[in-house]
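Engineer: Sequence and predicted structure are below.
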Amino acid sequence: MTQKLRQITLDEWDGRYEALKSAGLAEPFYGGKLSRHAEDGDYRLRKLMFDDSAAALRLWNFLLTEEERLTQARSEGKKIVGVMKDLGTTAVMANALDNVVAFYPDGAWWIPCVMENSDRLLAVADSLGVDESFCPVRAMLGAFVTGNHFPIPDLLTCSVGATCDDFSAIAQRLEGLGHTIVWWEIPHRRGPEQGEQCVTLPGGTFVAAQSQVDFVRAQLVLVQRALEEVSGVQLDDAALSSAIARANDIRRLLSELRRTVFTASRCPMPALEMLIAEMLAIHYCSDREETAAVLEELGAEVQARIAAGVGFGSPDAVKVFWVNPVADLRVMNLLEQYGARICGTEYMFTHALDLLREDVEPLEALALAALADPMAGSAVDRAARIAADARTFGAEAVIISRIPGASHCAVEGRIIAEHLRKTCGLAVLEIEIPPLTDAIRPAIATRIEALVETIHQRRQP
Amino acid sequence: MSQILYTCPFVPAEWIAAHGLRPARIMPQSTGMHAAVAPIEGLCPFARAFANHVLGDSTSCGAIFTTACDQMRRVRDLVVDGTCVETFLLNLPKTWRNAACTQLYIDELGRMGRWLYTLGGCVPSADALAATMLDFDGRRQAMPDRRVADSGGVRLALVGGPLLAGESGLFDLVVRNGGRIVFDATETGERTLPDRFDPALLRQDPVGELARAYFDSIPAVWKRPNTGLFDWLTRECTERRVQGVICRRLVWCDLWHAEVHRLRDALHVPLLDLDVSDDSPAAGERTAGRVQAFLETLQ
């Protein structure tokens, strides 16, 4: 009989923190009680359930102190680069420069959830005519206007082309407000025509025409030049290759963590902490070395729990593959409370998790990664990747969380669901998740419960 | 002659015609609850209407979708398995201030040409293409110039995305209420007409000239940056002494929705933000009421 671990509340974390400190917990510079973040306005933390390990404490503290790191970097004279939309490619380039720190302003989309709308970023976006018919990423517009959540970057880049209209439209509004943007293009990914050279992209599922890779590579040169200009430093192939190698170090750590957690017989790390861990891969939360340390500690915790035969939830928890990031983090708790666990994810940035190629020119490797963005191709393409990963992790069902207002969510859920039912026989559920789900929590719970029951019935001989 | 359906103004009709096929630019009717592609929360009514038009067509041999907006790019995914009509997705670059993007557009025209060939089209010679382009250019120039007549009424500009077939009554509605649309800057209006072809450039490089007249010249809300659209609208509103603007946008069209505030600031005339869900009678009544009130305030 294995021992069941229990998630704890924020209040419980204070007691747990004291116990850990008494036991000799050594913390990094951003350490401290989690409750201090709630006192500073991150009110959602009070409604979440957390993993109680020191590794999880470090993870949360690292995530919630990014603004301080960015401010510190600016005070040290470093250049702040806001890399928008591509999720994982240009950040690698920017981090090749020692005097540059890159972050994704896109991440502001979680602020309305984390601060439970107390900072009124959505209201600011409303006042600019960007209302709730847009994806919650409209909070980014509010964050730029208020200037309260990150330093205004010295350089802004944004990928467009095969991206959602919400983001493209909001980024254009940003430029209209006076924030100059270096736009670069990722075309809709397509397969090669007859006789055209074909390339398999990182992750192994998607292919593209070599001509598209060449095009994106040339676009990345525009980003490279912009980075050189803002930093005053030449961004050469050696620096880029080194940055790619270090990015791969992070991706390997995360890949191993995901594989271990998703395939363990009993869940050794909750869905919420795993979601946060995955997000670190996109831009390292503005500190690559610390990201590595955080992931290593999480990995060690997971290994120790597996060795000890302990885990969360029931051993027969339903294995769910989750598609799209949730606007409300609390939903990840809800899934587990109703007898399911996460065994596989596709949070729209698998291309930030797949290893970058180190056997080709660095810009070529980055172009290949950019084109591997699951959102850059057709929904059928995306579904094929989800199907492959769901098989790898042994998922029994798929939940697609719709993002309210997002242009891609109108039709892709139906296409992905049909593909998965047809090719894998998986049960699929689509749920819309707004930034705060409290009012509809019972409805979401009922749907998850129904899915769990369905899977249990399917298991019966 | 086999017909090719399309709706995006960045698809050059001359290019299809030069391949020996008949270009058919569709202004689709909005479709009801029971159409193949049913109404879905978040789905653009125009993209849905075009998808249903293609799915209901059994006589055309091909349909061209473009990546001008995410909705149209994605709605093609709903169509590919349900129709006998072959589909093609034309990749339109969103950025435009570097030569590589114009070249991508040219390359995409080449890819489209090869697709047209597979549908029974021919490969046009440069001379044949140039002749077709001149023919289409001439026909466009023969269209009536709305700048000439001045029949009174409040001078309005109509700005926004593509109109559905059932919305053509909007022009008469404006007239009935004491106004006049002096220029149509919707996706289906004069804003999206290509530039005139330069005869000298046409002789040297007809495909390049096609790209210049279409991709480089047509102002669009989805281009990044979209300064070209604002420059064009500002200039035209001034030249045509516009007194008010109707920004007619379809619900779930983020691209136009996001720009309404900027249009208000940039055009310096009263603006009616007219959101439209479809071209049904009920939606028409709401539109009529809003247009009537807008014009009353301007008189």
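Structural biologist: Okay, I see it.

Engineer: Sort out which residues of the longest helix belonging to chain A are buried, please.
Structural biologist: Using DSSP state H to define each element, chain A has its longest helix at helix A:237-263. Using 16 or more other C-beta atoms under 10 Å in any protein chain shown as the test for burial, helix A:237-263 gives A:239-241, A:243-244, A:246-248, A:250-251, A:253-254, A:257-258, A:260-262. Yep, even glycine has a C-beta here, placed from its N, CA and C like the rest.

Engineer: Strands of chain A, start to end?
Structural biologist: For chain A, the strands defined by DSSP state E occupy A:3-5, A:79-84, A:100-103, A:155-161, A:182-186, A:198-200, A:207-209, A:310-312, A:318-323, A:340-346, A:397-402, A:427-432.

Engineer: right, and those - which one's nearest residue B:88?
Structural biologist: strand A:207-209 (14.8 Å; C-beta to C-beta).

Engineer: Could you give the separation of that closest one from the chain centroid?
Structural biologist: 24 Å (C-alpha atoms, centre = their mean, to the nearest Å).

Engineer: In the sheet, which strands lie alongside it, parallel or antiparallel?
Structural biologist: Sheet partners assigned to strand A:207-209 using DSSP bridges are listed as strand A:198-200 (antiparallel).

Engineer: what's next to the partner strand, contact-wise?
Structural biologist: Residues from elsewhere that reach strand A:198-200 (C-beta atoms under 8 Å, 6 or more residues apart in numbering or on different chains): A:191-192, A:206-210, A:213, A:368.

Engineer: Give me the three-state assignment for residue B:156.
Structural biologist: strand (DSSP: H, G, I helix; E, B strand; the rest coil).

Engineer: Report the contact partners of it.
Structural biologist: B:174, B:179-182, B:242-246, B:295.

Engineer: For it, name its beta-bridge partners.
Structural biologist: residue B:181, residue B:244.

Engineer: Now the residue of the stretch 301-450 of chain A at minimum distance from chain B: closest residue in space that isn't a chain neighbour?
Structural biologist: Here the residue of the stretch 301-450 of chain A nearest chain B is residue A:410; by C-beta to the nearest C-beta that distance is 3.6 Å. Spatial nearest neighbour of residue A:410, chain neighbours left out: residue B:42 (3.6 Å); criterion: C-beta to C-beta, 6 or more residues apart in numbering or on different chains.

Engineer: Per-residue pLDDT of that neighbour, please?
Structural biologist: We have a pLDDT of 91 for residue B:42.

Engineer: need the contact list for residue A:206.
Structural biologist: A:189, A:200, A:371-372, A:374, A:377, A:381, A:385.

Engineer: Tell me the most packed of these, by neighbour count.
Structural biologist: Greatest neighbour count in the contacts of residue A:206, by other C-beta atoms under 10 Å in any protein chain shown, goes to residue A:371: 29 neighbours.

Engineer: Give me the distance between it and residue A:412.
Structural biologist: For residue A:371, the distance to residue A:412 (C-beta to C-beta, to the nearest Å) stands at 18 Å.

Engineer: Kindly report the same for residue A:188.
Structural biologist: 14 Å.

Engineer: what about these two, which has more around it?
Structural biologist: residue A:412 (25 against 22).

Engineer: That one touches residue B:75, doesn't it?
Structural biologist: No: with contact defined as C-beta atoms under 8 Å, residue A:412 does not reach residue B:75; the gap is 10.4 Å.

Engineer: gap between residue A:206 and residue A:360?
Structural biologist: 16 Å.

Engineer: what's around residue 143, how many residues?
Structural biologist: Answering for chain A, as no chain was given. Neighbours around residue A:143, by other C-beta under 10 Å: 22.

Engineer: let's do chain B instead
Structural biologist: Neighbour tally, residue B:143, other C-beta under 10 Å: 9.

Engineer: can you pull the pLDDT of it?
Structural biologist: pLDDT, residue B:143: 82.

Engineer: Up against chain B, what does the stretch 51-200 of chain A have?
Structural biologist: Residues of the stretch 51-200 of chain A lying close to chain B (C-beta under 8 Å from any C-beta of the partner chain) are A:128-130, A:133-134, A:158, A:160-166, A:168-173, A:175-176, A:181, A:183-185, A:187-188, A:190, A:193.

Engineer: List buried members of these by neighbour count.
Structural biologist: Neighbour counting by 16+ other C-beta under 10 Å classes A:128-130, A:133-134, A:158, A:160-166, A:168-173, A:175-176, A:181, A:183-185, A:187-188, A:190 among those as buried.

Engineer: Residue A:343 against residue A:318, yeah?
Structural biologist: No: counting by C-beta under 8 Å, residue A:343 does not reach residue A:318; the two are 9.0 Å apart.

Engineer: if I look at the two, which residues touch both of them?
Structural biologist: residue A:396.

Engineer: what residues are up against residue A:342?
Structural biologist: So residue A:342 contacts A:261-262, A:267, A:271, A:274, A:320-322, A:332, A:335 (C-beta under 8 Å, 6+ apart).

Engineer: Show me the strands in chain B, by range?
Structural biologist: B:3-6, B:22-25, B:62-66, B:86-90, B:154-160, B:179-185, B:244-250, B:271-276.

Engineer: The third one near chain A at all?
Structural biologist: Meaning strand B:62-66. No: against chain A, strand B:62-66 shows no contacts by C-beta under 8 Å from any C-beta, the least distance being 9.6 Å.

Engineer: Parallel or antiparallel, list what pairs with that strand.
Structural biologist: Short version: by DSSP bridges, strand B:62-66 pairs with strand B:3-6 (parallel), strand B:86-90 (parallel).

Engineer: Dump the C-alpha coordinates for the shortest one into PDB.
Structural biologist: It refers to strand B:3-6. What follows is strand B:3-6 as a C-alpha-only set of coordinates in PDB (Å, rounded to 0.1, in the frame of the first residue of the first chain):
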ATOM      1  CA  GLN B   3     -14.400  28.100 -61.600                       C
ATOM      2  CA  ILE B   4     -12.200  28.900 -58.700                       C
ATOM      3  CA  LEU B   5     -13.900  30.400 -55.600                       C
ATOM      4  CA  TYR B   6     -12.200  32.900 -53.400                       C
END
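
Engineer: center of chain B - which residue?
Structural biologist: residue B:187 (3.2 Å; C-alpha atoms, centre = their mean).

Engineer: which non-adjacent residue is nearest that one?
Structural biologist: residue B:162 (3.7 Å).

Engineer: ok, that neighbour to residue A:374 distance?
Structural biologist: 29 Å.

Engineer: what's the answer for residue A:48, then?
Structural biologist: 27 Å.

Engineer: what's near enough to touch the closest residue to residue A:43 other than its chain neighbours?
Structural biologist: Spatial nearest neighbour of residue A:43, excluding adjacent residues (C-beta to C-beta, 6+ apart): residue A:116 at 4.3 Å. For residue A:116, the contact set (C-beta under 8 Å, 6+ apart) comprises A:43-44, A:436.

Engineer: Tell me the confidence at residue A:116?
Structural biologist: So, for residue A:116, pLDDT stands at 98.

Engineer: Ok, residue A:2 next?
Structural biologist: 53.

Engineer: Please apply the same query to residue A:278.
Structural biologist: 97.

Engineer: Return the residues in contact with the residue of the stretch 1-150 of chain B found nearest chain A.
Structural biologist: Residue of the stretch 1-150 of chain B nearest chain A, by C-beta to the nearest C-beta: residue B:42 (3.6 Å). By C-beta under 8 Å, 6+ apart, the contact set of residue B:42 is A:405-407, A:409-410, B:252.

Engineer: Distance to residue A:85 and pLDDT for those - can I get that in CSV?
Structural biologist: Output for these, formatted as CSV (distance: C-beta to C-beta, whole Å; pLDDT from 0 to 100):
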residue, distance to residue A:85, pLDDT
A:405, 16, 90
A:406, 13, 90
A:407, 13, 87
A:409, 16, 89
A:410, 19, 88
B:252, 20, 92
